[in-house]
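Enquirer: I'd like to go over a predicted model; first the sequence, then the structure.
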Amino acid sequence: MKVKIGDVVLPGDYCDEIMAVGVKSKVVLGPGLRKEVDQVYIMKAGVLRKRNPNTFWVDSYQKRYVPSRSENVIGIVVQKSR
């Protein structure tokens with residue numbers, strides 16, 4: 001299904017608006033989006049958002065933590081005790 005910025009999206013939807021912007025300038029795809037060949041597909045459910053300059057992501061409301069590229073690592077768990 002074709003969607004636009006601000007719409008509620010589901011996995012499998014695609015957005016031509018992102019590809020149109022990408023022809024003119026660089027586009028950054030955030031969490032929930034994936035580019036395959038000549039389309040940008042939605043990978044998780046949520047609301048499609050945009051921040052200038054040309055940054056797109058899916059704002060999903062989930063309880064599970066999903067790490068981002070720019071976040072710092074505080075520690076690494078190497079073993080769990082009983």
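Expert: On my side now, so go ahead. Residues are numbered from 1 along each chain as shown.

Enquirer: can you give me the helices in the protein?
Expert: Ranges of helices in the chain, per DSSP state H, are 16-24.

Enquirer: Where does pLDDT dip in it?
Expert: 1 (pLDDT under 70).

Enquirer: Repeat the analysis, applying 50 as the threshold.
Expert: Counting by pLDDT under 50, the chain contains no low-confidence segment.

Enquirer: separation between Tyr65 and Val9?
Expert: 21 Å (Cβ to Cβ, to the nearest Å). Heads up, the C-betas are built off the backbone N, CA and C, glycines and all.

Enquirer: oh sorry, the question was meant for Asp16
Expert: Distance from Asp16 to Val9, by Cβ to Cβ: 13 Å.

Enquirer: out of those two, which sits in the busier spot?
Expert: Val9 (25 against 12; other Cβ atoms under 10 Å).

Enquirer: residue contacts, the more buried one?
Expert: 3, 15, 42, 45-48, 58 (Cβ atoms under 8 Å, 6 or more residues apart in numbering).

Enquirer: now with 7 Å?
Expert: Residues near Val9 by Cβ atoms under 7 Å, 6 or more residues apart in numbering: 3, 42, 45-46, 48, 58.

Enquirer: now do Thr55
Expert: Thr55 neighbours (Cβ under 7 Å, 6+ apart): 28, 30.

Enquirer: rerun that using 10 Å as the cut-off
Expert: 26-30, 49 (Cβ atoms under 10 Å, 6 or more residues apart in numbering).

Enquirer: check contacts around Ser68.
Expert: Taking Cβ under 10 Å, 6+ apart as the test, what Ser68 contacts is 30-31, 57.

Enquirer: Can you lay out the residues you listed as CSV showing distance to Gly75 and neighbour count?
Expert: Converted to CSV, these look like this (distance: Cβ to Cβ, whole Å; neighbours: other Cβ atoms under 10 Å):
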residue, distance to Gly75, neighbour count
Gly30, 25, 15
Pro31, 23, 15
Trp57, 27, 18
